[in-house]
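>>> Sequence first, predicted model second:
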Amino acid sequence: MSITDCCFLSYIYILQKGQCTTTERAYSIGTIAECLDMMGEDSGAPYVSQLTPIFTRGATDADDELRNNAIFALGVLVTTSNGALA
C-alpha cells in the first residue's frame, strides 16, 4: 500500500463513518478532489467505487460549501478515472 492509498483511505473513512461535521465532510471531499486533480490522469480510477457514492451524496447536501466541493470532486473524478465512469 502506497502513502497515497493511506491518505485517501483515511479521508474516505472520515466520510463514511457518518459522525463528522458538515465542515469536515466538505474539507475531506475538497482535499480528495484537489489531490486527484494534482496527481493527474488515471489517479482516480482505483477509487471510483468508493468515492462516487460519497461525492454524489454530497452533491445533494443542503450546505453550499459541501455541495460545491462534491460537484467539483465529481468532475475531477470523471477526468481522472480513465473512463471508469463513462
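Everything's here; your move.
>>> Can you report the mean pLDDT over the residues of stretch 48-65?
What stretch 48-65 shows for mean pLDDT is 92.
>>> per-residue confidence at Glu41?
85.
>>> Would you check that my belief about it contacting Ser81 is correct?
No: between Glu41 and Ser81 there is no contact under Cβ atoms under 8 Å: 9.3 Å. From N, CA and C alone the C-beta is placed, and that goes for glycine too.
>>> who's more crowded, the two?
Ser81 (21 against 10; other Cβ atoms under 10 Å).
>>> Can you name the next helix or strand after the lengthiest helix in the chain?
In the chain, assigned by DSSP state H, the helix with the most residues is helix 22-39. Using DSSP states H and E, the helix or strand that follows helix 22-39 in sequence is helix 48-59.
>>> follow-up on the earlier one: show me what the longest helix of the chain is packed against.
Applying 3 or more Cβ pairs under 8 Å, 6 or more residues apart in numbering; DSSP states H and E, one finds that helix 22-39 contacts helix 3-16, helix 48-59, helix 64-79.
>>> so how far is the second one from its chain's centroid?
Relative to the mean C-alpha coordinate of its chain, helix 48-59 is positioned 7 Å out (Cα atoms, centre = their mean, to the nearest Å).
>>> before we move on, back to that, most tightly packed of the helices and strands packed on helix 22-39?
Highest mean neighbour count among those (mean count of other Cβ atoms under 10 Å): helix 64-79, with a mean of 19.
>>> and the angle from that helix to helix 22-39?
Helix 64-79 runs at 30 degrees relative to helix 22-39, counting by axes from the mean of the first three to the mean of the last three Cα atoms, to 10 degrees.
>>> List the residues that contact the closest residue to Leu74 other than its chain neighbours.
Nearest residue to Leu74, sequence neighbours excluded (Cβ to Cβ, 6 or more residues apart in numbering): Phe55, at 4.7 Å. Applying Cβ atoms under 8 Å, 6 or more residues apart in numbering to Phe55 gives the contacts Ile29, Ala70, Ala73, Leu74, Leu77.
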